[in-house]
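Novice: Mind folding the following:
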Amino acid sequence: MEQPTQSPRYSLPDIHTRANAALVDLSKGLFEELPVMIDDLLGNVVEVLIKTKTSKSQNVALMTVLRLKQEAHAIRILLGHGYPAQAMSLAANMIEITYELLFMGNDEAKADIWDRHVEPGKKLWNRQNQQYARIDQRMVEGWKAMGMTQEEAKEQADADYFAYGLLCDAKHGNPVINKATGGFIENGVLVVGPQVYQEKPEILQAVYAANMTARMTVLAVRAIIYFHLGGVFSGTLFDESETLNMFRKTQMLTVMAEAEAAETTNSSDQ
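Specialist: Below you'll find the predicted structure:
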């Protein structure tokens, strides 16, 4: 009696390995070299803050950078395991955390409010300062605290708030994101689970999450330098952040140009 044909089976470790290989093949710079640069830079900031912190706001900054370092690790792990939508959710968190750093600045009164907050279910600024309840409001104030005019701060905040909205689409289960998740198709079979980056939507999700991880790292380091550091530390860390930022931009331009070229080729072949 003929045995029924069974669908091929895939183990999660195998899918994770394939997903990571696909990312590195797409861009070694974005998915192998950039995460190391991010980890090194944030680690250097942690070392400097541990040695120099003397105020409550500096201690808050230290704890914030430690959280950003963890978040960057988690995003890379999720991307490498084939979960780009989930990585986007954490990248949205990186924007929230980084802009909290800007908004707090070196204001000891705000640092004291932050330090005394012990209610996990309550939002920090909703009760204390209603005018800063929205993250876009805090974004503007953060840029102004770093020396921008109201107009300049609003322009920069609007750009990052738009990026934040796109990332939050993943966090909140927007159908546009959900339609590009759930698995991959191979040999006509739907393999339910992580992505292996065969299609453009999940590739773009991964690229976008990686880019924002690096961008928020640079912004956080610049804020630490502006509000809390000086002298030799600021010069060295600024140079490192500039190197990271330039590498991020170069890699993004390269990946997007290759993606457009591939899409044009595929369209002409049809």
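
Novice: C-alpha from now on. contacts and neighbour counts both.
Specialist: Fine.

Novice: for this protein, what spans make up the helices?
Specialist: Assigned by DSSP state H, the helices in the chain fall at 12-26, 28, 34-52, 56-80, 84-104, 108-116, 124-128, 135-145, 150-171, 175-178, 200-228, 231-269.

Novice: So which of the ones you listed is nearest residue 192?
Specialist: Closest of the helices of the chain to residue 192 is helix 12-26, at 10.3 Å (criterion: C-alpha to C-alpha).

Novice: Leaving out chain neighbours, which residue sits closest to residue 31?
Specialist: Counting by C-alpha to C-alpha, 6 or more residues apart in numbering, residue 31 lies nearest to residue 24, which is 5.7 Å off, once chain neighbours are set aside.

Novice: count of neighbours near that neighbour?
Specialist: With neighbours defined by other C-alpha atoms under 10 Å, the count for residue 24 comes to 15.

Novice: swap in the one 5 residues further on?
Specialist: Summarising burial for residue 29: neighbours were counted as other C-alpha under 10 Å, giving 20.

Novice: and if you look at residue 258?
Specialist: Neighbour count for residue 258, taken as other C-alpha under 10 Å: 13.

Novice: from here on, count from 375
Specialist: Right, with 375 as the first residue, what we last looked at is residue 632.

Novice: So for it, what's the pLDDT?
Specialist: pLDDT for residue 632: 80.

Novice: gap between the residue nearest to residue 405 and residue 590?
Specialist: Distance of residue 398 to residue 590, computed by C-alpha to C-alpha, to the nearest Å: 22 Å.

Novice: if we can go back for a sec, contacting residues around the residue nearest to residue 405?
Specialist: By C-alpha atoms under 8 Å, 6 or more residues apart in numbering, the contact list for residue 398 reads 404, 405, 406.

Novice: And it, how far from residue 454?
Specialist: Distance from residue 398 to residue 454, by C-alpha to C-alpha: 9 Å.

Novice: Repeat that for residue 551.
Specialist: Residue 551 sits 18 Å away from residue 454, going by C-alpha to C-alpha.

Novice: Kindly report the same for residue 558.
Specialist: 15 Å.

Novice: returning to that earlier point: who's more crowded, residue 551 and residue 454?
Specialist: More crowded of residue 551 and residue 454, by other C-alpha under 10 Å: residue 454, with 27 against 19.

Novice: Look up how far residue 514 lies from that one.
Specialist: With C-alpha to C-alpha as the criterion, residue 454 and residue 514 are 34 Å apart.

Novice: Over to residue 544?
Specialist: The gap separating residue 544 from residue 514 is 24 Å, by C-alpha to C-alpha.

Novice: Could you count how many residues lie near residue 535?
Specialist: Residue neighbour count, defined by other C-alpha under 10 Å, stands at 18 for residue 535.

Novice: While we're on it, how confident is the model there?
Specialist: 95.

Novice: Tell me the spacing between it and residue 494.
Specialist: Per C-alpha to C-alpha, residue 535 is found 24 Å from residue 494.

Novice: What of residue 450?
Specialist: Distance of residue 450 to residue 494, computed by C-alpha to C-alpha: 27 Å.

Novice: which one of those two has more residues nearby?
Specialist: Legend: neighbour count by other C-alpha under 10 Å for residue 450 and residue 494, higher for residue 450 (22 against 7).

Novice: Contacts only, for the more buried one.
Specialist: Neighbouring residues of residue 450 by C-alpha under 8 Å, 6+ apart: 405, 409, 461, 584.

Novice: Considering those, which possesses the most neighbours?
Specialist: Neighbour counts for these were taken using other C-alpha under 10 Å; the highest belongs to residue 461, with 29 neighbours.
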